[in-house]
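Student: Quick one, fold the following:
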Amino acid sequence: MVAKSLIKLIDEAIIPAVVLIAVKMLAVLITSYLMHFQFTVASFQIFHLLPTVNFKNSTDYITAENYSNLAMFLTAAAGTLMVLIKAHFLHTTHIQPKLQARLIRLNLENLISPSYHIYHQAVIWLIFLWLTVFLQVTAAVLNGANAQIAIVAAIIAANFSWILVADVEREIAIFNNS
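Tutor: Sure, this is the predicted structure:
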């Protein structure tokens, strides 16, 4: 069972990881373009897969880093929020009968998910959310990036974690009452 869950976690992590890396890289490039930063791109030097972006000065780097970390955090928060909404409203064990009937009538019953699927997704998105918070805090400590963004990100991640724990407690209560 543990091996099956580990494989499921790895499977669920692939798409969010690719999305977050792509958002980070796009945010660096878009920020650099919009703010007219001088930079060079060395092709595929990180793990022979990802390009390296080198800025002319540290101020440009810190600004691009702030915006790219913020974009990556917002993406991770949006993904986590989507899964939390699904866990709260579209969970097979505690979906409202009216909502379930409406989804079936609209042929959208595939939106309803079992605990196994939802909680694996939620764990992955929360891990990535906390990882982006860690990157925000590290950037704030090491290179003077915006600390307010890191603080707000940590508060949001803590609240999202609390919401997931509340949903898991609700699921346990339903299981114990069965």
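Student: Hmm, residue 54 is touching residue 43, no?
Tutor: No. Counting by CB atoms under 8 Å, residue 54 sits too far from residue 43 to count as a contact (11.9 Å). The C-beta positions use only the backbone N, C-alpha and C, and glycine is treated the same way.
Student: For this structure, which segments count as strands?
Tutor: 39-46, 50-55 (DSSP state E).
Student: Which pLDDT value goes with residue 45?
Tutor: If you check residue 45, the pLDDT there is 63.
Student: nope, residue 35 is what I was after
Tutor: So residue 35 comes in at 92 (pLDDT).
Student: again with residue 119
Tutor: 84.
Student: and it, how many neighbours does it have?
Tutor: When counting by other CB atoms under 10 Å, one arrives at 21 neighbours for residue 119.
Student: so what's it up against?
Tutor: 87, 168 (CB atoms under 8 Å, 6 or more residues apart in numbering).
Student: can you check the one 10 residues further on too?
Tutor: Residue 129 sits next to 73, 76, 77, 79, 80, 157, 160 when contact means CB under 8 Å, 6+ apart.
Student: before we move on, what about residue 140?
Tutor: So residue 140 contacts 146, 147, 149, 150 (CB under 8 Å, 6+ apart).
Student: same deal with residue 152?
Tutor: Residue 152 touches nothing, counting by CB under 8 Å, 6+ apart.
Student: From residue 170, how far out is it?
Tutor: For residue 152, the distance to residue 170 equals 27 Å [CB to CB, to the nearest Å].
Student: ditto for residue 7
Tutor: 27 Å.
Student: Which one of these two is surrounded by more residues?
Tutor: Higher neighbour count among residue 7 and residue 170: residue 170, with 15 against 10, using other CB under 10 Å.
Student: Now the nearest residue to that one once chain neighbours are set aside: phi and psi?
Tutor: Spatial nearest neighbour of residue 170, chain neighbours left out: residue 94 (6.5 Å); criterion: CB to CB, 6 or more residues apart in numbering. Dihedral pair for residue 94: phi -140, psi 40, per degrees, to the nearest 10.
Student: Residue 94: how many residues sit nearby?
Tutor: Neighbour number of residue 94 under other CB under 10 Å is 15.
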